[in-house]
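K.L.:
Build the 3D model from these lines:
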Amino acid sequence: MSSTRTAAAVPSRAGEGQQRSSPTSVASPMNAGQQQQQQQQQQQPTKPKVTPPPRRAKSSSSKKQHPEMVVDKRIVDELLLVCGVIGSNTTTVDEATGQATEKFVPVTDCLNWLQDLQRALRRDHETYRPISLLLGQWRIVS
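P.N.:
Numbering: from 1, shown residues only. This is a model prediction of the structure:
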């Protein structure tokens, strides 16, 4: 049996009793975390990257609204309020015939709200009628 000593275990210089290692072989906590992330990424299946379609440049032929066709935000908010509180539709089913009938049930202040709606329609532009068109898009009157 022969005894062999390694250079790292025996101090070569005075005051050196610790093993030396190269800086590349030492795993710092950051390197270990990066290695774990790389291993997880290799284990996970790669997802195809989805890119949105390119945006089209606005051309001169795109629709531009006439300034008189734009309804002010305050007026739109008022119209939404008025149309939301006028009343509601209820569906009743006649038990004898089985026929469904829709009925409008107005709120107690319905007349006052309708007068506000009338005032808004009076302020509408004479030629373009943007408020009337907006109410038509919302299908307020059916």
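K.L.:
CA only for contacts and neighbour counts going forward, please
P.N.:
OK.
K.L.:
Tell me which helix or strand comes right after the helix or strand residue 76 falls within.
P.N.:
Element membership for residue 76 (DSSP states H and E) is helix 73-85. Remark: after helix 73-85, the chain's next helix or strand is strand 87-93, criterion DSSP H and E.
K.L.:
Buried ones in that following strand, by neighbour count?
P.N.:
residue 87 (16 or more other Cα atoms under 10 Å).
K.L.:
Please save the CA atoms from that strand in CSV.
P.N.:
What follows is strand 87-93, C-alpha atoms only, in CSV (Å, rounded to 0.1, in the frame of the first residue of the first chain):
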residue,chain,number,x,y,z
GLY,A,87,-88.0,52.1,-18.6
SER,A,88,-87.6,48.4,-19.5
ASN,A,89,-89.3,45.7,-21.5
THR,A,90,-90.9,42.7,-19.8
THR,A,91,-92.1,39.6,-21.5
THR,A,92,-95.3,38.0,-20.3
VAL,A,93,-96.6,34.6,-21.4
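K.L.:
Now do the helices in the chain.
P.N.:
With DSSP state H as the criterion, the chain has helices at 29-43, 73-85, 110-122, 130-138.
K.L.:
Count the residues that sit near residue 70.
P.N.:
As a burial measure, residue 70 scores 13 neighbours (other Cα atoms under 10 Å).
K.L.:
Report pLDDT for it.
P.N.:
Note on residue 70: pLDDT of 82.
K.L.:
what ranges of this structure fall below the confidence cut-off?
P.N.:
Within the chain, the stretches with pLDDT under 70 are 1-30, 32-33, 40-53, 56-64, 142.
K.L.:
quick one on the thing from earlier: now distance to residue 93 and mean neighbour count too, for the helices of the chain, in TSV please.
P.N.:
Converted to TSV, the helices of the chain look like this (distance: least, Cα to Cα, whole Å; neighbours: other Cα atoms under 10 Å):
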stretch	distance to residue 93	mean neighbour count
helix 29-43	61	11
helix 73-85	25	14
helix 110-122	25	15
helix 130-138	27	15
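K.L.:
CSV for the ones you listed, including distance to residue 67?
P.N.:
Below are those laid out as CSV (distance: least, Cα to Cα, whole Å):
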stretch, distance to residue 67
helix 29-43, 54
helix 73-85, 14
helix 110-122, 18
helix 130-138, 10
